[in-house]
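> Sequence plus the predicted model coming up.
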Amino acid sequence: MKAIYELIYKDKNSNARYGKIHTNYGIYETPMFMPVGTLATVKTLTPEELKEIGCGIILANTYHLWLRPGEDIIAKAGGLHKFMNYDGPILTDSGGFQVFSLAKLKDISEEGVKFKSHLDGSELFLTPELSIQIQNKLDSDIAMSFDECPPYPVTYEYMKNSVERTLRWAKRGKDVHTNEKQALFGIVQGGEFEDLRRWSALETVKLDFDGYAIGGTSVGEDKETMYKMIEYSTSYLPEDKVRYLMGVGDPIDIIEAVIRGVDIFDCVLPTRLARHGNALTTYGKMNIKNAQYKEDFKPIDENCDCYTCKHYTRAYIRHLITCDESLGGRLLSIHNIHFLVKLTEDLRSAIKEDKVIEYREKFLKNYQNKE
RNA sequence: GCGAAUAUGGUGAAGUGGUUAACACAUCGGAUUGUGGCUCCGACAUGCGUGGGUUCGACUCCCACUAUUCGCC
């Protein structure tokens, strides 16, 4: 079964939507946050822990798994789900972002992207077709089109060419996509340019994908610009398809995007922050390494009922992080992912009561009023 | 008791007769948004064991003292 979106309710005071996404592994409510598990693991956490936190879809990455261990090994293992023992839905990113963000770019051509592996420097060539074929082998539930994610800022001319090429790549990918059980999403680009966003959205929709993603945000632009990019994109996307904002996970950004009609998110932020000793809390971001928590025996967030907050103190987690003990990052990852999962849960409730705008005000008031 | 060596920030240590005394770790802050990275960026000795002396000027040279370490009675 492909991932099918079901719009259930629209907030009366904004563009926020409550819906459900039907997948091979069950039905999940949106808005939803998807944690990132690039290398077929949400860093430090087991599938059981993810389930307990309340996660639905998780991400894995085509570029990384292509290089290691290789898609054939994963296919031999019986697909990504079996390989990593996750019996929930998995979305694979196309590798487009990695090619532009971490590999040493050599050449972007119509055919694809030539670049150097970040592992050993060897020269590789990734094309829209290859990305889709790898994702087919990985057997994820949702595959992403191979796109270009340009930096910010680039000229209008550059962006126009890039968006047009990304559209041609999307079509090529779709043409070789044969996995009937795997959904395929298209990606809207266009930077901060309204007409390019519109064009990108409308043209991508014409290709008829199972869902639509908004890419190219959070690449260095300011918040207002980013929110506009989101608005420009969602306003031209069909209501009966899911909208996925790629790579965004700051709590405030999630709320602002939901208000602009976005349904699902993914982000490394909760797990990366965790490994660096930061916690997301209802009263803002907390750097647990700060000396003020040395003798603080309260939970990370007193309003939180996650496993970490139920059993551990700030002082203990600070000690673990300070000593570079991996349990510290694990406990904070559990908390941070739970925080975003709970945030989307609260947003769903608010939407159903037409109270998303009020929810935002209330959230901001607490979040910016650090303890 | 005698002889020798060494004394630089929380730690380990560079260093020069003359503007701001390296660097590392620790500490204290900050960053982090489709995850190579246990990552990145800042701050951090008004003083170089103590007291004298030489010199225009000493942390760097000289003397005494103190401490530590090693060796010998």
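Cool, got the structure. What you are looking at is a predicted structure, and each value in this text was computed from that prediction instead of being measured.

> CA atoms for contacts and neighbours, from now on please.
Noted.

> mean confidence score for stretch A:181-197?
Averaging pLDDT along stretch A:181-197 yields 97.

> A:Pro299 touches A:Tyr307, doesn't it?
No - assessed by Cα atoms under 8 Å, A:Pro299 is found out of contact with A:Tyr307, at 10.5 Å.

> Need the three-state assignment for the residue of the stretch 201-350 of chain A found nearest RNA strand B.
With Cα to the nearest atom of the strand, the shortest gap between the stretch 201-350 of chain A and RNA strand B falls at A:Gly247, namely 2.8 Å. Under DSSP: H, G, I helix; E, B strand; the rest coil, A:Gly247 falls in the coil class.

> tell me the phi and psi of it?
phi 80, psi 10 (degrees, to the nearest 10).

> Could you give the backbone dihedrals for the residue lying closest to it once chain neighbours are set aside?
Leaving aside its sequence neighbours, A:Gly247 sits nearest to A:Cys267 (Cα to Cα, 6 or more residues apart in numbering; 4.6 Å). Per-residue torsions, A:Cys267: phi -170, psi 150 (degrees, to the nearest 10).

> Which helix or strand contains A:Ile27?
Using DSSP states H and E, A:Ile27 falls within strand A:26-30.

> strands paired with that strand, and their directions?
For strand A:26-30, the pairing partners within the sheet under DSSP bridges are strand A:17-23 (antiparallel).

> and the partner strand, what's its mean pLDDT?
Strand A:17-23 comes out at a mean pLDDT of 98.

> Next: stretch A:135-147.
Stretch A:135-147 shows a mean pLDDT of 97.

> try stretch A:106-113
90.

> distance between the ends of stretch A:106-114?
End-to-end distance of stretch A:106-114 (Cα to Cα, to the nearest Å): 5 Å.

> For it, buried residues please.
A:112-114 (16 or more other Cα atoms under 10 Å).

> Can you name the residues that contact the residue of the stretch 1-150 of chain A found nearest RNA strand B?
Per Cα to the nearest atom of the strand, A:Cys149 is where the stretch 1-150 of chain A lies closest to RNA strand B, at 3.5 Å. Counting by Cα atoms under 8 Å, 6 or more residues apart in numbering, A:Cys149 touches A:96-97, A:100, A:189, A:215-216.

> Greatest separation within these: which pair is it?
Using Cα to Cα, those span at most 14.2 Å, a distance reached by A:Phe100 and A:Gln189.

> Among these two, which residue is more densely surrounded?
Comparing A:Phe100 with A:Gln189 by neighbour count (other Cα atoms under 10 Å), the higher total belongs to A:Gln189, at 32 against 18.

> That one is in contact with A:Tyr212, isn't it?
No - using Cα under 8 Å as the test, A:Gln189 is too far from A:Tyr212 to be in contact (10.8 Å).

> rewinding a little: show me what the residue nearest to A:Gly247 is bridged to.
Assigned bridge partners for A:Cys267, using DSSP bridges, are A:Pro35.

> State the distance from it to A:Ser14.
As judged by Cα to Cα, A:Cys267 and A:Ser14 stand 24 Å apart.

> Ok, A:Thr62 next?
Applying Cα to Cα to A:Thr62 and A:Ser14 gives a distance of 35 Å.

> Between these two, which is the more surrounded one?
Counted by other Cα under 10 Å, A:Thr62 and A:Ser14 do not tie: A:Thr62 has more neighbours, with 29 against 16.

> List the residues that contact that one.
A:92-95, A:131, A:134-135.
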